[in-house]
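Asks: Structure, please.
(one chain, ligands or ions: 1)
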Amino acid sequence: MGAPHRRSRTPGSTGAWIAVCHFCLGGDRLVGFARAISDGAANAYISTVAVLPEYQKRGIGRKLIQRLLEGRDHLQFVLHANDSAYPFYLHLDMGFEPFDNILVRPRKF
Ligand SMILES: CC(C)(COP(=O)(O)OP(=O)(O)OC[C@H]1O[C@@H](n2cnc3c(N)ncnc32)[C@H](O)[C@@H]1OP(=O)(O)O)[C@@H](O)C(=O)NCCC(=O)NCCS
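Replies: Here you go, the predicted structure:
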């Protein structure tokens with residue numbers, strides 16, 4: 001199995017970054033994707049984590065999250081998991097904890 005690729009981009013000179021981590025197999029077929037957005041100083045938000053159903057349960061999701069977190073212990077990572085993925089993040093043993101005081105403004109359309 002290959003290693004996930006991490007690419008970071010820094011918009012402007014604020015230190016903020018967007019990291020896109022993707023996992024390809026057999027050439028250029030995208031089988032896994034994860035993204036984080038950060039102010040580069042204190043906080044990061046993980047969004048859009050997905051592995052193709054036929055490639056799930058092979059360790060790809062774990063590697064993608066690992067790549068997003070590595071070298072970034074100075075940041076607090078936040079994510080909103082759906083019901084089926086919630087236990088996945090707890091199971092990873094990478095420091096994700098339930099946190100109650102999260103507020104969400106849902107999209108309107
Ligand atoms: C959630 C998701 C990204 C996990 O990806 P994956 O590649 O199947 O996960 P991995 O194979 O790396 O699993 C890592 C570990 O978590 C466990 N695990 C995987 N999915 C799990 C789940 N839904 N609940 C609990 N544990 C889970 C695995 O058994 C594995 O355990 P191990 O390391 O002890 O063997 C994938 O199921 C997915 O894309 N789901 C649909 C989209 C989605 O819900 N995305 C999340 C939005 S927040």
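Asks: pLDDT of the helix or strand hosting Arg62, averaged?
Replies: Element membership for Arg62 (DSSP states H and E) is helix 60-69. Per-residue pLDDT over helix 60-69 has a mean of 96.
Asks: In PDB, please show the C-alpha coordinates belonging to the helix or strand following it.
Replies: Per DSSP H and E, the first helix or strand lying C-terminal to helix 60-69 is strand 76-79. Coordinates of each C-alpha in strand 76-79 appear next as PDB, following Å, rounded to 0.1, in the frame of the first residue of the first chain:
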ATOM      1  CA  GLN A  76      -6.200  22.300  18.300                       C
ATOM      2  CA  PHE A  77      -8.000  20.200  15.700                       C
ATOM      3  CA  VAL A  78     -11.800  20.300  15.500                       C
ATOM      4  CA  LEU A  79     -14.100  18.300  13.300                       C
END
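Asks: follow-up on the earlier one: check which helices and strands the helix holding Arg62 sits against.
Replies: Contacts defined by 3 or more Cβ pairs under 8 Å, 6 or more residues apart in numbering; DSSP states H and E place helix 60-69 against strand 17-25, strand 29-38, strand 43-51. Placement of C-beta: from N, CA and C, glycine included.
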